[in-house]
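Participant: using only what follows, build the 3D model:
(chains A, B, C, D, E and F)
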4 protein chains.
Amino acid sequence: MNGFERRKEQKKESIRQAAIELFKVFGFGKVSIGDIAHKANVSHVTIYNHFGSKDGLVRDVVRTVLSGLVAKSGEIIYGDKPYLEKLEAIIFSKAELAGQYQGELMKTAVRDYPEMAQLIETMWQNEIDKLIDDLVEEGREKGYIHKGLSQQAIKLYFEIIRNGAFSSLETISQLQVDSKLAEDLNSLFLFGLVGRDIKSE
Amino acid sequence: MNGFERRKEQKKESIRQAAIELFKVFGFGKVSIGDIAHKANVSHVTIYNHFGSKDGLVRDVVRTVLSGLVAKSGEIIYGDKPYLEKLEAIIFSKAELAGQYQGELMKTAVRDYPEMAQLIETMWQNEIDKLIDDLVEEGREKGYIHKGLSQQAIKLYFEIIRNGAFSSLETISQLQVDSKLAEDLNSLFLFGLVGRDIKSE
Amino acid sequence: MNGFERRKEQKKESIRQAAIELFKVFGFGKVSIGDIAHKANVSHVTIYNHFGSKDGLVRDVVRTVLSGLVAKSGEIIYGDKPYLEKLEAIIFSKAELAGQYQGELMKTAVRDYPEMAQLIETMWQNEIDKLIDDLVEEGREKGYIHKGLSQQAIKLYFEIIRNGAFSSLETISQLQVDSKLAEDLNSLFLFGLVGRDIKSE
Amino acid sequence: MNGFERRKEQKKESIRQAAIELFKVFGFGKVSIGDIAHKANVSHVTIYNHFGSKDGLVRDVVRTVLSGLVAKSGEIIYGDKPYLEKLEAIIFSKAELAGQYQGELMKTAVRDYPEMAQLIETMWQNEIDKLIDDLVEEGREKGYIHKGLSQQAIKLYFEIIRNGAFSSLETISQLQVDSKLAEDLNSLFLFGLVGRDIKSE
DNA sequence: AATGAATGAGGGTTCATTCAT
DNA sequence: GATGAATGAACCCTCATTCAT
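Facilitator: Here you go, the predicted structure:
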């Protein structure tokens, strides 16, 4: 890639980043091409030159965000942390929260751009799902997950928790400063409402 | 209330219902007054005569939906079902899912109409929160909820599950036909990932 | 007129008065039927029942105001005050200023409702003009108006002064408290810029 | 200024001119952006691109017209015509009448756009007022204006005449073809109703 | 390649007016 | 006779998009 193309790619990337930031805060519908152009310090038309249309930009953003999400999750799941830390990381960790957030972004993408649903479904199913499957499998093997529970139920539980966690972003961000709260939540996640003391393990 | 006012209230209600249905599917921003007027079979000016502005309509819808949500939750929580059924009803039951859905509607209300945040916060805090408190309290007393867990953690867990449940609407709607899945989910909710057989209770 | 019709006439009159007050301040165009109905404490439709349309109301107001203006001017001109006082009264006096104001109202009536121009022209020409003619005639006879000046020129001068006086309402209202200013203006009116001391008369 | 900017300025100017013409005839309130766009042969969005809003356009027009009025008046007052001709030019001349007309435009600007009052007041006070002051001062020095009259009274008289002259546009436009009428009006202005023959000067 | 200019479609809102009670 | 309900037309404004430079 020569200097010319690099500059071009940089500009494209700065537009993408501006778009992602605005989309995250205001959703796809409320952000205009003009807003993005302003934030990225380019003319509107430049965006059209690079992405063709607003739909094109949204599609590009969706792909970018999903890819990043898959990559980051993969690093955690196939990394060598202890299993419980992986679990926590996937579900509650700050790094992941950005991803959760972006997961939410995908939801609105499906709502506002139905024609994009298939793209998202495909990537989600093929990539994310496989990652979660592996995570659950590891949990079963290591005894952290009850063997009687169906794979489907566990994945649904994961999805519920992951998605729900996003909705409570602010409270969750307190987990880092309130260790009792973090401990309790982990306990709830592992042992449920009826519970068992973590220490008694 | 004479026939005049009744008809007026009927029309207002039909506008409200049309609005709620559209808002639920497309969000506040994407639905135009014209869309609602069309669905409700009235002129769009009629909407202005009744609700003053789009903001006015949104505010009215928010109030209506929240009130309904509070009322329905109250019926369940202060009803005389067994505790576990209440728990399930609040979190997973189909009847409640509509409410969950509408809870999500509130989220987008806050995002798109920040000036309305206070109204929602107030109702939510004052009403919903108190209901959940009572539900948790009952759970503690009856031994369904571990006493070592802080109230804050439990409520956060509830919120995560409730909000997350919405995101998985379609799967959750299978619970009614797939009793193994339902049982597993309940088990996860009560005993966590590590689990314990429900039967061993 | 029985009690019934009197009440009806009262309501009509209160609508008229509300309309006049609003028209004076905001002009015909900016005042809505709703505004007038609100100020007169009646339903919009009542205005339609009485005046047929907004145009009808405007027409009625124009007629009413013009008639009043003619009557008031007639009282002054055919009254028995000294001539100079009549002159002053017609042109600068507070009582007349309301009339001036309403004269301005007529201007905007012509501008916004061209079809009404003829009505105004007719009344103005036939009534007001005749009054001014008589006033000028009396002035000539009594030596207050130079005989070499054409009737047309004098009437134009009158019109200019009358209309111009409206535009400076606020300043003019000071005339009553600043007698030097009033004296000077009268002097300017009678003897022009080059002037002559009133006392030297 | 390159060809790009020149074309832009031309289009802006043509919009301004269309707006001024329409505003003069129908007032600010009655003229829609669509009307102006049609007259200027552009899309109404172009007007928004150039002036931001209707208010923005009105503000621009006000500034433009006021500046022109100040400039034209200055040329006359500081020019080297005989004093009486300056006087006549400022008050009655056709060229000035357009300005008078535009002065009236300012009146309605204040009425319909109160927030603009300060802008107008400022320019009017600072610029126009100073010009009139200088004109009066010159008149006093050259003996055309009686020394016993207060500056305030004279300026009020000027204002009345100037404003009144606008209201009688049509008649005044006859001054150019009816020299007797013009002579008489000048006489009235300089020597008042009681008068003195101009020839006796 | 990048930009300012220009636009058609559509959204929220107001108003004069008619209809049904 | 008086009123609240309902409406079509028109207005201001925004946005995604194309054109000309």
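Participant: break chain A into its domains for me.
Facilitator: Annotated domains of chain A cover A:1-52, A:64-201 [automatic domain parsing].
Participant: quick one: average confidence on the shortest one?
Facilitator: Along domain A:1-52, the predicted confidence averages to a pLDDT of 85.
Participant: so is that domain next to chain B?
Facilitator: Yes. Residues of domain A:1-52 contacting chain B under C-beta under 8 Å from any C-beta of the partner chain: A:26-27, A:29-30. Placement of C-beta: from N, CA and C, glycine included.
Participant: which SSE is A:H38 in?
Facilitator: Using DSSP states H and E, A:H38 falls within helix A:33-40.
Participant: circling back: who wins for most neighbours among the residues of domain A:1-52 next to chain B?
Facilitator: Highest neighbour count within the residues of domain A:1-52 next to chain B: A:G27, with 22 neighbours (other C-beta atoms under 10 Å in any protein chain shown).
Participant: that residue contacts A:M106, correct?
Facilitator: No. Using C-beta atoms under 8 Å, A:G27 makes no contact with A:M106, being 11.7 Å away.
Participant: so, low pLDDT: which residues of chain A?
Facilitator: Applying pLDDT under 70 to chain A picks out residues A:1-6, A:92-104, A:107-108, A:110-111, A:114-115, A:125, A:165-176, A:195-201.
Participant: can you pull out the strands in chain A?
Facilitator: Ranges of strands within chain A: none, based on DSSP state E.
Participant: against DNA strand E, how distant is the closest residue to A:A89 other than its chain neighbours?
Facilitator: Nearest non-adjacent residue to A:A89, counting by C-beta to C-beta, 6 or more residues apart in numbering or on different chains: A:I76, 5.0 Å away. Look at A:I76 and DNA strand E: by C-beta to the nearest atom of the strand, to the nearest Å, they are 37 Å apart.
Participant: quick one: the helices in chain A?
Facilitator: Here chain A has its helices, by DSSP state H, at A:3-30, A:33-40, A:44-51, A:54-77, A:83-91, A:94-112, A:117-123, A:130-141, A:151-167, A:169-172, A:179-191.
Participant: and those helices: which comes nearest D:I154?
Facilitator: helix A:33-40 (54.5 Å; C-beta to C-beta).
Participant: re earlier: I'd assumed A:I91 was in contact with the residue nearest to A:A89.
Facilitator: No. Using C-beta under 8 Å, A:I76 is not in contact with A:I91, being 10.4 Å away.
Participant: need the nearest residue in space to the residue of chain A found nearest chain B, chain neighbours excluded.
Facilitator: Proximity of chain A to chain B (C-beta to the nearest C-beta) peaks at A:G164, 2.7 Å away. Nearest residue to A:G164 in three dimensions, chain neighbours excluded: B:G164, at 2.7 Å (C-beta to C-beta, 6+ apart).
Participant: what about the one you found, how many neighbours?
Facilitator: Neighbours of B:G164 (other C-beta under 10 Å): 25.
Participant: just A:L69 next, same as before
Facilitator: Using other C-beta under 10 Å, A:L69 is surrounded by 24 other residues.
Participant: out of the residues of domain A:1-52 next to chain B, which comes closest to A:S187?
Facilitator: A:G27 (34.8 Å).
Participant: mind checking how far that closest one is from chain C?
Facilitator: 37 Å (C-beta to the nearest C-beta, to the nearest Å).
Participant: separation between that residue and chain D?
Facilitator: Applying C-beta to the nearest C-beta, the value for A:G27 to chain D is 25 Å.
Participant: cool, and A:S67?
Facilitator: 38 Å.
Participant: cool, A:V58 as well?
Facilitator: Going from A:V58 to chain D by C-beta to the nearest C-beta gives 24 Å.
Participant: I'd like to know how far that residue sits from A:Q151.
Facilitator: Per C-beta to C-beta, to the nearest Å, A:V58 is found 33 Å from A:Q151.
Participant: more neighbours, those two?
Facilitator: More crowded of A:V58 and A:Q151, by other C-beta under 10 Å: A:V58, with 19 against 14.
Participant: for the more buried one, list the residues it contacts.
Facilitator: Contacts were defined as C-beta atoms under 8 Å, 6 or more residues apart in numbering or on different chains; by that measure A:V58 touches A:23, A:28, A:109, A:113, A:116.
Participant: what of A:R59?
Facilitator: A:113, A:116, A:119.
Participant: can I get these in a markdown table including distance to B:G139 and neighbour count?
Facilitator: Below are the contacts of A:R59 laid out as a markdown table (distance: C-beta to C-beta, whole Å; neighbours: other C-beta atoms under 10 Å in any protein chain shown):
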| residue | distance to B:G139 | neighbour count |
| --- | --- | --- |
| A:Y113 | 42 | 18 |
| A:M116 | 42 | 19 |
| A:L119 | 43 | 17 |
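Participant: pick out the most distant pair among the residues of domain A:1-52 next to chain B.
Facilitator: Within those, A:F26 and A:G29 form the most distant pair, 8.1 Å apart (C-beta to C-beta).
Participant: so what's A:I33 closest to, chain neighbours aside?
Facilitator: A:H44 (5.2 Å).
Participant: got it, and A:V194?
Facilitator: That would be B:L190: by C-beta to C-beta, 6+ apart, it lies 5.0 Å from A:V194.
Participant: what about the residue in chain A that chain D sits nearest to, how many neighbours?
Facilitator: Residue nearest to chain D within chain A: A:G34 (11.4 Å; C-beta to the nearest C-beta). Neighbours of A:G34 under the rule other C-beta under 10 Å: 11.
Participant: got it, and the one 4 residues further on?
Facilitator: Per other C-beta under 10 Å, the neighbour tally for A:H38 reads 14.
Participant: just to revisit the earlier point, any chance of the residues of domain A:1-52 next to chain B in a markdown table, with distance to A:F51 too?
Facilitator: Formatted as a markdown table, the residues of domain A:1-52 next to chain B follow (distance: C-beta to C-beta, whole Å):
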| residue | distance to A:F51 |
| --- | --- |
| A:F26 | 18 |
| A:G27 | 18 |
| A:G29 | 17 |
| A:K30 | 18 |
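Participant: nearest to B:D129 among the residues you listed?
Facilitator: Closest to B:D129, out of all of these and judged by C-beta to C-beta, is A:G27, at 26.6 Å.
Participant: I'd guessed A:R16 sits against A:D60; true?
Facilitator: Yes. Contact criterion C-beta under 8 Å: A:R16 and A:D60 qualify, at 6.6 Å.
Participant: name the nearest of the residues of domain A:1-52 next to chain B relative to A:E127.
Facilitator: Nearest member of those to A:E127, counting by C-beta to C-beta, is A:G27, at 23.8 Å.
Participant: distance of the closest one from D:N126?
Facilitator: Counting by C-beta to C-beta, the gap from A:G27 to D:N126 is 49 Å.
Participant: check A:N186 too.
Facilitator: Taking C-beta to C-beta, one finds A:N186 at 72 Å from D:N126.
Participant: what of A:F28?
Facilitator: Relative to D:N126, and taking C-beta to C-beta, A:F28 is found at 50 Å.
Participant: I figured the residue nearest to A:V194 hits A:F191, correct?
Facilitator: No. Between B:L190 and A:F191 there is no contact under C-beta under 8 Å: 9.2 Å.
Participant: got a list of what the nearest residue to A:E138 once chain neighbours are set aside touches?
Facilitator: Distances taken as C-beta to C-beta, 6+ apart put A:Y83 closest to A:E138, at 6.3 Å, once the chain neighbours are dropped. Shown in contact with A:Y83 (C-beta under 8 Å, 6+ apart): A:138-139, A:142, A:144.
Participant: for the residues you listed, give me a markdown table that also has distance to B:G68 and neighbour count.
Facilitator: Output for these, formatted as a markdown table (distance: C-beta to C-beta, whole Å; neighbours: other C-beta under 10 Å):
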| residue | distance to B:G68 | neighbour count |
| --- | --- | --- |
| A:E138 | 43 | 16 |
| A:G139 | 40 | 19 |
| A:K142 | 45 | 11 |
| A:Y144 | 40 | 18 |
